[in-house]
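Visitor: Sequence and computational prediction follow.
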Amino acid sequence: MADAPEGGGLVFKPMDQFKLADLFGGSEIGMLTITNSTLWMAFSIVAIALFMVAGTRGRAIVPSRVQSLAEMTYGFVYNMVIDVSGKDAARYFPYIMTLFMFILFANFLALIPMSFSPTSQFAVTGMLAIAVFVTVLVIGFAKNGLGFLSLFWITSAPTVVRPILAVIEFILFWMRPVSHAVRLGGAILAGHALLKVFAGFAQITVAAPLALLGVVAIYALEVLVAGIQAYVFTILTCVYLKDALHPHH
Amino acid sequence: MEGDIAQMGQFIGAGLAAIGSGAAAIGVGHVAGNFLAGALRNPSAAGGQTATLFIGIAFAEALGIFAFLVALLLMFAV
């Protein structure tokens, strides 16, 4: 554990960076406390707003750099929604775009040294995942009525195994928000903890240059992971949305 | 060499749970390797399948992250 070694030298505190703290110095953290996590979520929302406002302000025929970046992000997410969930999912594009931008910016802002990563908090990713789960349930039942339950009845399988598959699919369905949330939170948590562990190796003077190189390499990997996890979260949302719109296999 | 046996169990359990990360690595490598093998046979069809690739990787990776979560829970929450 973090504070275990006493005679042995190295001190690692990889989990300290994830501690929530009241911004105004209070010690109790309740439902509505403004914490450092809230602050960094607010930063990412401000950054998204600035990015999109700056990107759409000019509306030039020959786009500036910011405008083409904003247009590329928009087109990327739009194509993903259409490709994965089908044409009729375009109605839900704003929600998915919001999710993508929020997670992407929260992940990237968390890579600034001394910042806080809200997407490493399972409370944050859990709420995002539960929101997606409830949305899928509501859309599924609103669009298909009880026909949504045919999601669990796989007609392409032999009749004998269908009940067994139905049970498995049902359990899998309820595991969706868990895996959805833990995948994002866990990946970011693990990456940032790993950075701290490698930084901790710099306590050995001989290994310090190597530790520094390791931190740089892992930081590069984390930049990749930040983008990929935002993409994966969004694309899984699209897959779940496709299930809600077209439950028949 | 002191400490209680429950803590030893926690550490051993966390170490065992870390094996799951390696198993997930095998899974992710399998998905990506097969994608590459298929993509090199028919490069023109590969571009449209990147979404499927990432979905496959995400599902394989999720179980590894569950194992990591178990290790974390053993280390810090039990």
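Guide: On my side now, so go ahead.
Visitor: in chain A, which spans are helices?
Guide: Ranges of helices in chain A, per DSSP state H, are A:36-57, A:65-85, A:93-109, A:122-144, A:162-200, A:208-245.
Visitor: got a list of contacts for the second one?
Guide: The list of residues contacting helix A:65-85 from outside it, by C-beta atoms under 8 Å, 6 or more residues apart in numbering or on different chains, reads A:51-52, A:54-56, A:58-60, A:63, A:89-90, A:92-93, A:96-97, A:100-101, A:234-235, A:238-239, A:241-242, A:245, B:51. In short, each C-beta sits where N, CA and C put it, glycine included.
Visitor: ok, of those, which come out buried?
Guide: The neighbour-count test (16 or more other C-beta atoms under 10 Å in any protein chain shown) applied to those identifies A:51-52, A:55, A:89, A:92-93, A:96-97, A:100-101, A:234-235, A:238-239, A:241-242, A:245, B:51 as buried.
Visitor: In chain A, which residue sits closest to chain B?
Guide: Taking C-beta to the nearest C-beta as the measure, chain A has A:Gly186 as its residue closest to chain B, at 3.8 Å.
Visitor: And the pLDDT for that residue?
Guide: Confidence at A:Gly186, expressed as pLDDT, is 88.
Visitor: residue contacts, the most centrally placed residue in chain A?
Guide: In chain A, the C-alpha nearest the mean C-alpha coordinate belongs to A:Leu184, at 4.3 Å (C-alpha atoms, centre = their mean). By C-beta under 8 Å, 6+ apart, A:Leu184 lies in contact with A:103, A:119, A:125, A:128-129, A:229, A:232-233.
Visitor: Tell me the one of those nearest A:Lys13?
Guide: A:Lys13 lies nearest to A:Thr119 out of those, by C-beta to C-beta, at 20.6 Å.
Visitor: residue contacts, A:Ile228?
Guide: Counting by C-beta under 8 Å, 6+ apart, A:Ile228 touches B:Phe54.
Visitor: Please tell me how far it sits from A:Asp88.
Guide: 28 Å (C-beta to C-beta, to the nearest Å).
Visitor: Find the closest residue to chain A in chain B.
Guide: B:Ile65 (3.8 Å).
Visitor: Name the nearest residue to that residue, sequence neighbours excluded.
Guide: Of all residues beyond its chain neighbours, the one nearest B:Ile65 is A:Gly186 (3.8 Å), with distances taken as C-beta to C-beta, 6 or more residues apart in numbering or on different chains.
Visitor: Cross-check the contact I'm expecting between that neighbour and B:Ala67.
Guide: No: applying C-beta atoms under 8 Å, one finds A:Gly186 not in contact with B:Ala67, separated by 9.7 Å.
Visitor: neighbour-wise, which of the two wins?
Guide: The neighbour comparison of A:Gly186 against B:Ala67 (other C-beta atoms under 10 Å in any protein chain shown) goes to A:Gly186, with 24 against 19.
Visitor: the inter-axis angle of the helix-or-strand element of chain B with minimal mean pLDDT versus helix A:122-144?
Guide: Least confident helix or strand of chain B, by mean pLDDT, DSSP states H and E, is helix B:50-72 with a mean of 84. Helix B:50-72 runs at 140 degrees relative to helix A:122-144, counting by axes from the mean of the first three to the mean of the last three C-alpha atoms, to 10 degrees.
Visitor: on contacts alone, who are the packing partners of helix B:50-72?
Guide: Packing contacts for helix B:50-72, counted by 3 or more C-beta pairs under 8 Å, 6 or more residues apart in numbering or on different chains; DSSP states H and E, involve helix A:65-85, helix A:162-200, helix A:208-245, helix B:5-41.
Visitor: right, and these - which one's nearest A:Ile154?
Guide: helix A:162-200 (5.2 Å).
Visitor: Kindly provide the distance from A:Ala49 to A:Ala70.
Guide: 12 Å.
Visitor: no, scratch that, I was asking about A:Met127
Guide: Distance check for A:Met127 against A:Ala70: by C-beta to C-beta, it reads 27 Å.
Visitor: Residue ranges in chain B under the pLDDT threshold?
Guide: Low-confidence segments of chain B (pLDDT under 70): B:1-2.
Visitor: one more time with 80
Guide: Low-confidence segments of chain B (pLDDT under 80): B:1-3, B:62, B:76-78.
Visitor: So which residues on it come close to chain A?
Guide: By the rule C-beta under 8 Å from any C-beta of the partner chain, the part of chain B lying against chain A is B:51, B:54-55, B:57-58, B:61-62, B:65-66, B:68-69, B:72, B:75-76.
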